[in-house]
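Trainee: Sequence plus predicted model, see below.
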Amino acid sequence: MQTGRVEGFTRVLGKSQGYLGLPLRDEVIECAVSGAGTPCMVAAWHPTPDELAALNRGAAVHVRIHGTAHPPIMLGVGPEPDQV
């Protein structure tokens with residue numbers, strides 16, 4: 001997967017630590033568990049052509065989290081890009 005620039009990003013994580021940098025958009029959501037005003041971060045990822053082909057053949061998306069504690073996450077599909 002390749003990182004993308006999520007629309008309206010508010011900051012970039014990891015660049016000062018030597019990573020490529022991950023553009024994030026900070027949001028506040030309504031969460032069934034944590035309630036109203038729950039902070040979250042949104043990042044955009046784009047599959048390479050080979051990864052997209054594998055996904056279309058039924059491969060799963062794997063999420064790798066650094067560390068030993070898994071924070072709550074949500075995974076979804078963003079809007080389709082405008083056709084030019």
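Mentor: Alright, I've got the coordinates. Numbering: from 1, shown residues only.

Trainee: contacts and neighbour counts: CA atoms only from here.
Mentor: Will do.

Trainee: Quick check: I29 is in a strand.
Mentor: Yes: secondary structure assignment places I29 in a strand (DSSP: H, G, I helix; E, B strand; the rest coil).

Trainee: Next up, the contacts around it.
Mentor: By C-alpha atoms under 8 Å, 6 or more residues apart in numbering, the contact list for I29 reads 36-40.

Trainee: I'd like those residues laid out as TSV, including secondary structure and pLDDT.
Mentor: Shown next, in TSV, are these (DSSP: H, G, I helix; E, B strand; the rest coil; pLDDT from 0 to 100):
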residue	secondary structure	pLDDT
A36	strand	94
G37	strand	95
T38	strand	94
P39	strand	94
C40	strand	93
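
Trainee: just curious, which of these is nearest to F9?
Mentor: C40 (12.5 Å; C-alpha to C-alpha).

Trainee: dump the residue contacts of the residue nearest to the closest one when sequence neighbours are not counted.
Mentor: Counting by C-alpha to C-alpha, 6 or more residues apart in numbering, E27 is the residue found nearest to C40 once chain neighbours are left out, at 5.3 Å. Residues near E27 by C-alpha under 8 Å, 6+ apart: 39-42.
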